[in-house]
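[1] Any chance you could fold what I've pasted below:
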Amino acid sequence: MEGQEETQQPHLQLANKLFLLSHPDVQDIEKVRLREEVFAAVKADDMAPLYETLVSESVLEMDQGLLDSMKAKIQEELKKLDEKIADAEENLGESEVREAHLAKSLFFIRIGDKEKALEQLKVTESKTVAVGQKMDLVFYTLQLGFFYMDFDLISKSIEKAKNLFEEGGDWERKNRLKVYEGLYCMSTRNFKKAADLFLDSISTFTTYEIFPYDIFIFYTVLTSIIALDRVSLKQKVVDAPEILTVIGKIPYLSEFLNSLYDCQYKSFFAAFAGLTEQIKMDRYLHPHFRYYMREIRTVVYSQFLESYKSVTIEAMAKAFGVTVDFIDLELSRFIAAGKLHCKIDKVSGVLETNRPDAKNSLYQATIKQGDFLLNRIQKLSRTGKT
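    The predicted structure follows:
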């Protein structure tokens, strides 16, 4: 993937602008600017197939003259690409044939023709022998998948890449695949696996074509906070030199992470409020905004209650810098959903924790399994007698 170092793939930049254009919280004046930028990008790359889709969705207005002009340019360019393929097949070697087919694949990607791009990538793959080059084709397919948020295509491509690695493949591409898979996991709400994959890639990150390094750190911290225990969070995130060098550039993120670890709950809630806008405006996190908000509150409330057998609601509200009514309502919801192990004594205004005893749970599970086994043996013995 030469020439893409430290530059986000233009189509993924465009995808983010299209997402913001459809976002209800983006101001109209900002949408005017975004629409102009989207139109300029579509026009610059002759993206006629995407242009027609955006017109049908009322994102852009129809300019028939522009559409005809783009289609004419596409036909002209395709004629040149087909001539190069024919020339390579007649006069040149296998490597040149592959390069000619790859150029046609990249052209279809550039103009936003998903189906033809995927077809041509398959043709290019049939002309490809080296595992590394096959992997590069998978990365192009993954980028298409993320542009269209086609999770079926992404999932199949990740599996295909893993199978290719069984044939060989270099560590640099393997590490890049971890970031792609981490983004897929985060986008499909598997935050635990996403955190593991992102953390594995911190020191080897080179996947600038899908997002910049600071965004990668943003995702790593957010997923790790709800996926790791305190000891692992300290070791892998709070004290990680790679994260420390970047985290200060991302508004509220350092306060969010460190105030949680240092049990500064009032500061945590303030940073949390600042981060919500960034999460809501993120293309990959936005669909999971409410879920993430619930999960992070579960983490912080559980951490606070872990230190107490009982604590007054007033003391907890003071620690978080919120009202008693707010914390009462919050905890009631989380307790009812089975997210927190405590009960509220409304009369005395006290929270009493009832954390499950791990040993006792294991003992009860063993007894249940023993009873089940005995019942099976008795049934079998009765069957044998008859």
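
[2] Where does the prediction get shaky in the protein?
    Scanning the chain with the threshold set as pLDDT under 70 gives 1-6, 169, 355-368, 371-372, 379, 381-386.

[3] what ranges do the strands span in it?
    310-312, 342-345, 350-353 (DSSP state E).

[4] Just say which of these is most tucked in.
    For these, the largest average neighbour count (mean count of other CB atoms under 10 Å) is found in strand 350-353, namely a mean of 18. For the C-beta atoms, the positions are set from N, CA and C on the backbone; glycine is no exception.

[5] Walk me through which strands that one pairs with, and which way each runs.
    Sheet pairing for strand 350-353, assigned by DSSP bridges, gives strand 310-312 (antiparallel), strand 342-345 (antiparallel).

[6] can you list the ones you listed in CSV and add distance to residue 192?
    What follows is the strands paired with strand 350-353, written out as CSV (distance: least, CB to CB, whole Å):
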stretch, distance to residue 192
strand 310-312, 29
strand 342-345, 24
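
[7] between those, which one is nearest to residue 191?
    Residue 191 lies closest to strand 342-345 among the strands paired with strand 350-353, at 23.9 Å (CB to CB).

[8] Any idea how far the closest one is from the middle of the chain?
    Strand 342-345 sits 36 Å away from the centroid of its parent chain (CA atoms, centre = their mean, to the nearest Å).

[9] ditto for stretch 308-317
    36 Å.

[10] just the CA coordinates of that stretch, formatted as PDB?
    Extracted as PDB, the C-alpha positions of stretch 308-317 are listed here (Å, rounded to 0.1, in the frame of the first residue of the first chain):
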ATOM      1  CA  TYR A 308     -18.000   0.100  50.900                       C
ATOM      2  CA  LYS A 309     -20.300  -2.300  52.600                       C
ATOM      3  CA  SER A 310     -22.700   0.500  53.000                       C
ATOM      4  CA  VAL A 311     -22.700   4.200  52.100                       C
ATOM      5  CA  THR A 312     -25.200   7.000  52.200                       C
ATOM      6  CA  ILE A 313     -26.700   8.100  48.900                       C
ATOM      7  CA  GLU A 314     -25.900  11.700  49.900                       C
ATOM      8  CA  ALA A 315     -22.200  10.800  50.300                       C
ATOM      9  CA  MET A 316     -22.200   9.200  46.900                       C
ATOM     10  CA  ALA A 317     -24.000  12.100  45.300                       C
END
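
[11] List the contacts of it.
    Stretch 308-317 has contacts (CB atoms under 8 Å, 6 or more residues apart in numbering) with 304-305, 323-324, 326-328, 331, 344, 349-353.

[12] And those residues, which is closest to residue 128?
    Nearest member of the contacts of stretch 308-317 to residue 128, counting by CB to CB, is residue 304, at 55.2 Å.

[13] Which residues are in contact with that closest one?
    Residue 304 touches 263, 265, 316, 319-320, counting by CB under 8 Å, 6+ apart.

[14] Determine which two of those are furthest apart.
    Farthest pair in these, by CB to CB: 263 and 316, 12.3 Å.

[15] More neighbours: those two, which one.
    residue 316 (21 against 14; other CB atoms under 10 Å).

[16] Make CSV from the contacts of residue 304 and add distance to residue 14 to it.
    Formatted as CSV, the contacts of residue 304 follow (distance: CB to CB, whole Å):
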residue, distance to residue 14
263, 43
265, 40
316, 46
319, 45
320, 41
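
[17] of all these, which comes closest to residue 300?
    Nearest to residue 300 among these, with distances taken as CB to CB, is residue 265, at 6.7 Å.

[18] my read: the closest one touches residue 297, true?
    No. Taking contacts as CB atoms under 8 Å, residue 265 lies outside contact range of residue 297: 11.0 Å.

[19] Stretch 331-351 spans what distance, first to last residue?
    By CA to CA, to the nearest Å, the extent of stretch 331-351 from end to end equals 9 Å.

[20] Next up, the contacts around residue 248.
    Shown in contact with residue 248 (CB under 8 Å, 6+ apart): residue 254.

[21] how much space between it and residue 214?
    10 Å (CB to CB, to the nearest Å).

[22] now do residue 39
    Distance check for residue 39 against residue 214: by CB to CB, it reads 28 Å.

[23] do residue 43 as well
    As judged by CB to CB, residue 43 and residue 214 stand 30 Å apart.

[24] Settle it for me: which of those two has more neighbours?
    More crowded of residue 43 and residue 214, by other CB under 10 Å: residue 43, with 15 against 12.

[25] Would you mind writing the CA trace of stretch 261-281 as PDB?
    Extracted as PDB, the C-alpha positions of stretch 261-281 are listed here (Å, rounded to 0.1, in the frame of the first residue of the first chain):
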ATOM      1  CA  TYR A 261      -8.200   5.500  38.000                       C
ATOM      2  CA  ASP A 262      -7.600   8.100  40.800                       C
ATOM      3  CA  CYS A 263     -11.200   7.800  42.100                       C
ATOM      4  CA  GLN A 264     -11.800  11.600  41.500                       C
ATOM      5  CA  TYR A 265     -15.400  11.000  40.500                       C
ATOM      6  CA  LYS A 266     -16.500  14.700  40.300                       C
ATOM      7  CA  SER A 267     -13.600  15.400  37.800                       C
ATOM      8  CA  PHE A 268     -14.500  12.200  36.000                       C
ATOM      9  CA  PHE A 269     -18.100  13.300  35.400                       C
ATOM     10  CA  ALA A 270     -16.900  16.700  34.200                       C
ATOM     11  CA  ALA A 271     -14.600  15.100  31.700                       C
ATOM     12  CA  PHE A 272     -17.200  12.500  30.800                       C
ATOM     13  CA  ALA A 273     -19.600  15.300  29.900                       C
ATOM     14  CA  GLY A 274     -16.900  16.800  27.600                       C
ATOM     15  CA  LEU A 275     -16.300  13.600  25.800                       C
ATOM     16  CA  THR A 276     -19.900  12.700  25.100                       C
ATOM     17  CA  GLU A 277     -19.900  15.100  22.100                       C
ATOM     18  CA  GLN A 278     -16.900  13.500  20.500                       C
ATOM     19  CA  ILE A 279     -18.300  10.000  21.000                       C
ATOM     20  CA  LYS A 280     -21.700  11.100  19.500                       C
ATOM     21  CA  MET A 281     -20.000  12.700  16.500                       C
END
